[in-house]
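> What follows is a protein structure lacking sequence information:
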């Protein structure tokens, strides 16, 4: 049995497999945002809009998830609707969870880390998402650090995002990325975006002004660090200063005893409630914007080949 015939091997659509074979631009997208990131089906809208923006920029979208125990790279609308309908009953699948999801025939929504693990297997070098995970507040007591970062450190992919989710300890996350050797490039900004706002974050390691420049840095990075990823932080088009609300949301979730992978979606849900849905709308917008930028850089990178 060859590697690609193995039951755990990712199953790519013909379009995506052909694009990768030809060196054409492909952008990976996650499915956790569909099932866990939004309420009332808004995650489905965000996923479909992200795919539309990727295609409009000239790349092929590759939305990734586990369907009935099969790692799928490229999903139909009907399959995305399954994730939306399942909501939080779909497994939240990071890199460590892929094997169990496959072996147990699960419906699994991939996190950033889980999506990156599949990118590494499939050979996809670009990904768009809203925000990445990182070091949680109160790390000294909980030792809670997202698996997104070690996956990125060992995956040759560029992830376009609006920085670490602002419910995290952004400064500590930046320090850990430096320790792991993950370059953090700012898209027309000198500081790392903080998810809902582009201001107040730690300095980035470099700043770029266009997609070609970002593609050149990615190419040079992979020549030097063949198996390592990098971040391109794009500030949100609309900023929302909610630091006080974040503290309230984190305290509320902590008081409810929520831990592990459930913390982030729970806190974001509380923030959405406290902002009367406005934070969710901003989140949806920059997820699509980041997907579009990832496609632009992927197109520029393909042109260098």
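Yep, that arrived. Please read these numbers as outputs of a predicted model, since none were measured by experiment.
> For the helix or strand hosting residue 268, buried residues please.
Under the criterion of DSSP states H and E, residue 268 resides in helix 263-274. Buried residues in helix 263-274, counted by 16 or more other C-beta atoms under 10 Å: 263-272, 274. C-betas here are computed from N, CA, C, even on glycine.
> Distance from the chain centre to it, please.
Using C-alpha atoms, centre = their mean, to the nearest Å, the mean C-alpha position of helix 263-274 is found 18 Å from that of the whole chain.
> what's it packed up against?
Helix 263-274 is packed against helix 243-255, helix 278-304, with contacts defined by 3 or more C-beta pairs under 8 Å, 6 or more residues apart in numbering; DSSP states H and E.
> What mean pLDDT does it get?
The average pLDDT for helix 263-274 rounds to 75.
> so that helix versus helix 278-304, what angle?
Helix 263-274 and helix 278-304 are oriented at 130 degrees to each other (axes from the mean of the first three to the mean of the last three C-alpha atoms, to 10 degrees).
> Let me see the residues that make contact with helix 263-274.
Contact with helix 263-274 is made by 36-37, 39, 88, 92, 133, 136, 144, 165, 167, 242, 245-246, 248-250, 252-253, 256, 258, 279-280, 283, as judged by C-beta atoms under 8 Å, 6 or more residues apart in numbering.
> hmm, try it at 6 Å
Residues lying outside helix 263-274 but in contact with it, judged by C-beta atoms under 6 Å, 6 or more residues apart in numbering, are 36, 167, 245, 249-250, 252-253, 258, 279-280.
> so who does residue 283 touch?
With contacts defined as C-beta under 6 Å, 6+ apart, the neighbours of residue 283 are residue 130.
> brain fart, residue 201
Contact analysis of residue 201 by C-beta under 6 Å, 6+ apart lists 170, 191-192, 194.
> Show me which pair in these is furthest apart.
When these are compared pair by pair using C-beta to C-beta, the two farthest from each other are 170 and 191, 10.0 Å apart.
> still on that earlier bit, quick check, nearest of the contacts of helix 263-274 to residue 49?
Nearest to residue 49, judged by C-beta to C-beta, of these is residue 280 at 13.5 Å.
> related to what we said a few turns ago, can I get the contacts of residue 201 in JSON lines with secondary structure?
Listed next are the contacts of residue 201 as JSON lines, based on DSSP: H, G, I helix; E, B strand; the rest coil:
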{"residue": "170", "secondary structure": "helix"}
{"residue": "191", "secondary structure": "strand"}
{"residue": "192", "secondary structure": "coil"}
{"residue": "194", "secondary structure": "coil"}
